[in-house]
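Novice: Predicted coordinates and the sequence they were generated for:
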Amino acid sequence: MPPGPRKGSGGRPAIPNEVKKRRGTARADRMPKTELVAVAPVDGSVVEITVEQALERSLVAGSHWLAESDAVGVVLLREALEHFADLKADPKTKPGDIQKALALAMTFAGQCGFTSATRTSMGLAEVKAASKMEQLRAQRAKVADTGT
């Protein structure tokens, strides 16, 4: 084989779809065919919750893209998070072991689509804060429902 990079490798990395959307250069024929689902941004309450509670919230938020066949990945993610929590609670644990457990948990989280990078690459969901117009519409609908 001749020296140098393999044929087809090299060049600049692909630009993420989110960047293309922001720039206005996204082409419809090159976008994922799935409908993106708006996911609410994280609120300040996540600071006080446990790892188990965080997983529960994530499973509820991600239930629309998880299939029954993803059960093994979800169980492995839960086990990895519990292992990470156990190591973190033990003061005798080496920091390197905690980092390895965290990396393993993040790998499983990514495989289940719970990281922003994997959600974007799979075309599943994007974090979207409610715009001012959406807030006003929700307020108007609430007022119309109550009749005041």
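Specialist: Cool, the structure landed. Numbering: from 1, shown residues only.
Novice: got a list of what His83 touches?
Specialist: Ala101, Leu104, Ala105 (Cβ atoms under 8 Å, 6 or more residues apart in numbering). The way it works is simple: take the backbone N, C-alpha and C, and place the C-beta from them, glycine included.
Novice: Go ahead and flag the most central residue of the protein.
Specialist: Compute the mean C-alpha point of the chain, and by Cα atoms, centre = their mean the closest residue is Thr115, 2.9 Å away.
Novice: After the helix ranked longest in the chain, which helix or strand is next?
Specialist: Ranked by number of residues, the top helix in the chain under DSSP state H is helix 71-89. Beyond helix 71-89 on the C-terminal side, the first helix or strand identified by DSSP states H and E is helix 95-111.
Novice: Buried residues in that following helix, which are they?
Specialist: When neighbours are counted by 16 or more other Cβ atoms under 10 Å, the buried residues of helix 95-111 are found to be Ala101, Leu102, Leu104, Ala105, Met106, Phe108, Ala109, Gly110, Gln111.
Novice: now stretch 44-64
Specialist: Val51, Leu55, Ser58, Gly62.
Novice: Contacts for stretch 48-58 next, please.
Specialist: Val46, Leu77, Arg78, Leu81, Glu82, Phe84, Ala85, Ala109, Phe114.
Novice: re earlier: max pairwise distance over the buried residues of stretch 44-64: which two?
Specialist: With Cβ to Cβ as the measure, no two of the buried residues of stretch 44-64 lie farther apart than Val51 and Gly62, at 15.9 Å.
Novice: Check the separation of the first and last residues in stretch 18-30.
Specialist: One end of stretch 18-30 sits 13 Å from the other (Cα to Cα, to the nearest Å).
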